[in-house]
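> Sequence first, then the predicted structure, then my questions.
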Amino acid sequence: MNMISRTGRCLVAAAALWLALPAQAFGGEWRVSPIKLYFGGDVKSGVVTVINEGADQIHLQIKAMEWTQDGEGKDVYTDTNDIVFFPKMMVLKGKEERVLRAGVRSTGLPKERTYRLFIEEIPEPKAGGGANITVAIKFGVPLFVGPLKEEQRGAVERAAMEKGVVTFRVANTGTVHMVLDAVTVAGRSRSGDEVFTKELGGWYVLQGASRRYSVTIPREACRKIDVIEVSARGGARILKGALNVRENMCQP
């Protein structure tokens, strides 16, 4: 479950906290369950339970946004009327829990649509003088509206290297989102020995989007590399790509 915290001593508004994986958790005083909702077919609505595990009263506001990704794979959020939800505001007393209901206006689309239901704490001023702080957390529950037919496809594309910097994209060519657990870049010599390796963090790659990666390889290691291998792992699926290395691709 996702745990969301409220602590501090100077005024801070925490940036949005979003989960890549269900196993991640944050220690704190309020949480939501479940951390994702799936719509599709006959399923057009669902509920999220918000639980205040602390003793203090909390105020929350809720907003739905469409979730897409730009050409670099960075998340983009825009206003939407596609999602219907209630309530728009919540006040939870200590140890209280409340239900947030959400639904989608239409299903059965050719490709998956993705949204986030943002639940944001409205900080209350702390009693006492001095530099008191309240930390306000904003959590985005992913909402996935499934397509008529789910197809999971992807590829490692546009692998290139210049001046020792390897760049490539992991593209989602299917009809639903994918979650990358990890992306590994390995450099092997002509004899097959591993000369260089680096593991990069994963994230969502939404339908039709691609995520750009870059890795700098040290000059001495680069001169020993014959081939760069890229492996993008998401669950049981592994996407692979390779790049033959020439000496003029390394740093001078």
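Perfect, I can see it now.

> Show the end-to-end separation of stretch 80-94, please.
By CA to CA, to the nearest Å, the extent of stretch 80-94 from end to end equals 32 Å.

> Outside of that stretch itself, list whatever touches it.
In this structure, residues lying in contact with stretch 80-94 by CB atoms under 8 Å, 6 or more residues apart in numbering are 30, 50, 52, 54-66, 98, 100-106, 113, 115, 117, 143, 145. To be clear about C-beta, it is placed using only N, CA and C from the backbone, and glycine gets the same treatment.

> One more pass at 7 Å, please.
Stretch 80-94 is contacted by residues 50, 52, 54-62, 64-66, 98, 100-105, 115, 117, 143 when judged by CB atoms under 7 Å, 6 or more residues apart in numbering.

> buried subset of those?
Neighbour counting with 16 or more other CB atoms under 10 Å marks 50, 52, 58, 60, 62, 64-66, 100, 102-104, 115, 117, 143 as buried within those.

> Partner strands of the helix or strand hosting F85 and their direction?
F85 is located in strand 83-86, with elements delineated by DSSP states H and E. In the sheet containing strand 83-86, the strands it pairs with under DSSP bridges are strand 97-104 (antiparallel).

> Now tell me what touches the strand it pairs with from outside.
37, 39, 44-52, 62, 82-86, 90, 92, 117, 143, 145.

> Inside strands: which ones of those?
37, 39, 45-52, 62, 83-86, 90, 92, 117, 143, 145 (DSSP state E).

> Out of the residues you listed, which end up buried?
37, 39, 46, 48, 50-52, 62, 83, 85, 90, 92, 117, 143, 145.

> Just the C-alphas of the strand holding F85, formatted as PDB.
The C-alpha trace of strand 83-86 is given here as PDB (Å, rounded to 0.1, in the frame of the first residue of the first chain):
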ATOM      1  CA  ILE A  83     -13.400  11.300 -15.700                       C
ATOM      2  CA  VAL A  84     -16.300  11.700 -13.400                       C
ATOM      3  CA  PHE A  85     -15.500  11.600  -9.700                       C
ATOM      4  CA  PHE A  86     -16.900  12.500  -6.300                       C
END
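
> Please state the offset of that strand from the chain centre?
22 Å (CA atoms, centre = their mean, to the nearest Å).

> Check which element follows the helix or strand bottoming out on mean pLDDT in the chain along the chain.
Least confident helix or strand, the chain: strand 12-17 with a mean of 35, by mean pLDDT, DSSP states H and E. Using DSSP H and E, the helix or strand that directly follows strand 12-17 along the chain is strand 30-33.
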